[in-house]
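Undergrad: Show me the folded form of this:
(2 chains)
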Amino acid sequence: MEKYVQVPFSKEDAAALKAGDYVYLTGTIYTARDAAHKRMQEALDAGETLPVEVAGNVIYYMGPSPAREGRPIGSAGPTTASRMDKYTPGLLDLGLAAMIGKGRRSAAVKEAVVRNGAVYFAAIGGAGALLSKSIKASEVVAYEDLGTEAIRKLTVEGFPVIVCMDSEGNDLYETAAEQFREE
Amino acid sequence: MRTIQVTIITDTIKELCIEANYRLSEDMCRVFENARQTEKSPLGKQILDQLSDNLQIAAADQIPICQDTGMAVIFMEVGQDVHFEGGNLEDAIQEGVRKGYVEGYLRKSVVNDPLIRENTKDNTPGVIHYSIVPGDKVKITVAPKGFGSENMSRVFMLKPADGIEGVKNAVMTAVKDAGPNACPPMVVGVGIGGTFEKCALMAKQALTRPAGEHSNIPYVKEMEEELLERINKTGIGPGGLGGTTTALAVNINTYPTHIAGLPVAVNICCHVNRHAVKEL
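TA: Numbering: from 1, shown residues only, chains lettered A, B, ... in the order given. The predicted structure follows:
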């Protein structure tokens, strides 16, 4: 099923999304990967406020290649989400609405997704050039010194993702291979 | 005796870093196109179609195929009659990486220390493997390696008694554990024999062998074909979301080894298996 979703979004919107849905996202998402997640965790541990509002928002696990002149961003495909698993339940408990990445997540992340009614989207790994076309603007909003790993605010239009884990914990990575497994 | 100025090396490395990241080699395009035609899962085919569009957009619009433009891995096959002049060869190679990644709009994905982790801002250093060969040519292969797949790679120190079945099981284990994380369809490089580090190096070299070409050792060729078939039966599929194309090629290199050992290395690569080659 193909769906068009505005981001950021609410729990009600999240509940309507099912594993296997092909979704086009329009609105605002934030990038953060390994180094930014570590810093955010350190901020939380120190009782400091995070540089971006997590509640209701979508984090895209992505570090872009540099943009050529006149373009908002370079190549911009997803990185492996499981490297952020350690930090994710905490962010979900703070209200993170969704994550975009690729690959399987841990049991703790799955529990936190279900507990919070969140969604995990897969973007196509290796389709960095194609995906960059759906990003209309990009602005570094925190941790600029991290270069490609800085937190960026992205304006997206029709950004294509697949619901790989819905708010009920249905996991496409678990079920999809079954159909074609002979070994 | 042939003299080569190191500035030529710098320029060549720069050129190859850029070429590898914007255009896939012909052999990779061929196996990829074949996969697109044969994939049985509708979602899998859709993903492969989008990956194919991605390759075209990358070349036409000058955007790197994947945002992970990798840590530069460079193979220098140096003819033993070659003499380098004009500076330090290693510095010249790293300068080529620096120029390629800065001027080529490639991502700076290298940190200065594995634990301190400050970005070096120019994607240096690359990892260089030298070999001395007969003659007076220099063959340079630049194979930028993305870490989504690199992280899924494994070394297994098997026992001789584990035999060929043990080797095949090791490869299948690595592939199944990798699953979606290595951005399937994968290219699987395998090194069998040598020592702990030799088999790993062979596995990386195997990734630079043309996809679709087989070993000229009959039993190894058979193993390459069998493993490719078995990997495609795991059902992992494009993007790990199910299908009949989980790998595009399995390349195996072998080397003599110790009487007590059977080292096996599995270097996994994603479908963006990049290598650019030039012979000077």
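
Undergrad: helices or strands up against whichever helix in chain A runs longest?
TA: When chain A is scanned for its longest helix (criterion: DSSP state H), the result is helix A:34-45. Where contact means 3 or more C-beta pairs under 8 Å, 6 or more residues apart in numbering or on different chains; DSSP states H and E, helix A:34-45 is packed against helix A:88-93. The way it works is simple: take the backbone N, C-alpha and C, and place the C-beta from them, glycine included.

Undergrad: For the helix it packs on, which residues meet the burial criterion?
TA: Along helix A:88-93, the positions that meet the burial threshold by neighbour count (16 or more other C-beta atoms under 10 Å in any protein chain shown) are A:88-92.

Undergrad: Show me where the stretch 51-200 of chain B has its helices.
TA: Assigned by DSSP state H, counting those that start in this stretch, the helices in the stretch 51-200 of chain B fall at B:89-103, B:147-150, B:163-178, B:196-208.

Undergrad: Let me see the ranges of the strands in chain B.
TA: Listed from the start of the chain, chain B has strands (DSSP state E) covering B:2-5, B:73-79, B:82-85, B:127-133, B:138-142, B:154-158, B:186-194, B:247-257, B:262-269, B:276-279.

Undergrad: Mean neighbour count, those: which tops it?
TA: Burial of these is given as mean neighbour count (mean count of other C-beta atoms under 10 Å in any protein chain shown); strand B:262-269 ranks first at a mean of 27.

Undergrad: any idea how far it is from the chain center?
TA: Using C-alpha atoms, centre = their mean, to the nearest Å, the mean C-alpha position of strand B:262-269 is found 12 Å from that of the whole chain.

Undergrad: Quick one: check that strand for contact with chain A.
TA: No: with C-beta under 8 Å from any C-beta of the partner chain as the threshold, strand B:262-269 lies outside contact range of chain A, at a closest distance of 10.9 Å.

Undergrad: So which elements touch that strand?
TA: helix B:147-150, strand B:154-158, helix B:163-178, strand B:186-194, helix B:196-208.

Undergrad: Restricting to C-alpha, output it in CSV.
TA: Extracted C-alpha coordinates of strand B:262-269, given in CSV (Å, rounded to 0.1, in the frame of the first residue of the first chain):
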residue,chain,number,x,y,z
LEU,B,262,42.4,-23.7,7.4
PRO,B,263,42.0,-19.9,7.6
VAL,B,264,38.9,-18.6,5.9
ALA,B,265,38.0,-14.9,5.4
VAL,B,266,34.7,-13.6,4.1
ASN,B,267,34.8,-10.0,3.0
ILE,B,268,31.3,-8.9,2.3
CYS,B,269,30.6,-6.0,-0.1
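
Undergrad: Now residue B:243. Its backbone dihedrals?
TA: Residue B:243 adopts backbone torsions of phi 150, psi -180, taken as degrees, to the nearest 10.

Undergrad: thought it was touching residue B:41?
TA: Yes: taking C-beta atoms under 8 Å as the contact criterion, residue B:243 and residue B:41 are neighbours in contact, 3.6 Å apart.

Undergrad: Can you check which residues contact both of the two?
TA: Common neighbours of residue B:243 and residue B:41 are listed as A:180, B:237 (criterion: C-beta atoms under 8 Å, 6 or more residues apart in numbering or on different chains).

Undergrad: So for the two, which sits in the more crowded spot?
TA: In this view residue B:243 and residue B:41 are compared by other C-beta atoms under 10 Å in any protein chain shown, and residue B:243 has more residues nearby, 29 against 21.

Undergrad: give me every residue that touches the closest residue to residue B:217 other than its chain neighbours.
TA: Once flanking residues are discounted, residue B:217 sits nearest to residue B:254: 6.8 Å by C-beta to C-beta, 6 or more residues apart in numbering or on different chains. Residue B:254 is in contact with B:191-193, B:202, B:215, B:217, B:220, counting by C-beta under 8 Å, 6+ apart.

Undergrad: Leaving aside the residues adjacent along the chain, what's closest to residue A:85?
TA: Spatial nearest neighbour of residue A:85, chain neighbours left out: residue A:106 (4.4 Å); criterion: C-beta to C-beta, 6+ apart.

Undergrad: so that neighbour makes contact with residue A:87?
TA: No: Residue A:106 sits out of contact with residue A:87 when judged by C-beta under 8 Å, with a separation of 11.3 Å.

Undergrad: Compare these two and say which one has the larger neighbour count.
TA: The residue with more neighbours, out of residue A:106 and residue A:87 and counting by other C-beta under 10 Å, is residue A:87; that gives 19 against 14.

Undergrad: any idea of the pLDDT on the nearest residue to residue A:123 once chain neighbours are set aside?
TA: By the measure of C-beta to C-beta, 6+ apart, the closest residue to residue A:123 outside its immediate chain neighbours is residue A:78, 4.2 Å from it. On the pLDDT scale, residue A:78 is placed at 98.

Undergrad: what about residue A:78, which SS state?
TA: coil (DSSP: H, G, I helix; E, B strand; the rest coil).

Undergrad: mind checking the SS state of the nearest residue to residue A:175 once chain neighbours are set aside?
TA: The spatially closest residue to residue A:175, leaving aside those adjacent along the chain, is residue A:19, at 7.4 Å (C-beta to C-beta, 6+ apart). With three-state DSSP as the basis, the three-state label of residue A:19 is coil.

Undergrad: show me what contacts residue A:19?
TA: A:163-166, A:170-172, A:175.

Undergrad: One more pass at 6 Å, please.
TA: Contacts for residue A:19 (C-beta atoms under 6 Å, 6 or more residues apart in numbering or on different chains) come out as A:163, A:166, A:170, A:172.

Undergrad: check these against chain B, which are close?
TA: Near chain B, judged by C-beta under 6 Å from any C-beta of the partner chain, the entries from the contacts of residue A:19 are residue A:172.

Undergrad: In helices only, show me the contacts of residue A:19.
TA: Applying DSSP H to the contacts of residue A:19, the entries found in helices are residue A:172.

Undergrad: nearest to chain B, of the contacts of residue A:19?
TA: Distances from chain B to these, taken as C-beta to the nearest C-beta, are shortest for residue A:172 (6.0 Å).

Undergrad: Residues of the stretch 151-280 of chain B that sit close to chain A?
TA: Proximity of the stretch 151-280 of chain B to chain A (C-beta under 6 Å from any C-beta) is limited to residues B:180-181, B:183, B:230, B:233-236, B:239-244, B:270-272.

Undergrad: Filter the residues you listed down to the buried ones.
TA: Of all those considered here, the ones buried according to neighbour count by 16+ other C-beta under 10 Å are B:180-181, B:183, B:230, B:234-236, B:239-244, B:270-272.

Undergrad: low-scoring pLDDT stretches of the stretch 1-150 of chain B, where are they?
TA: Scanning the stretch 1-150 of chain B for pLDDT under 70 picks out nothing.

Undergrad: Pull up the residues of it that are close to chain A.
TA: B:47, B:50-51, B:53-54, B:57-58, B:63-64, B:66-67, B:69, B:105-108, B:119, B:148.
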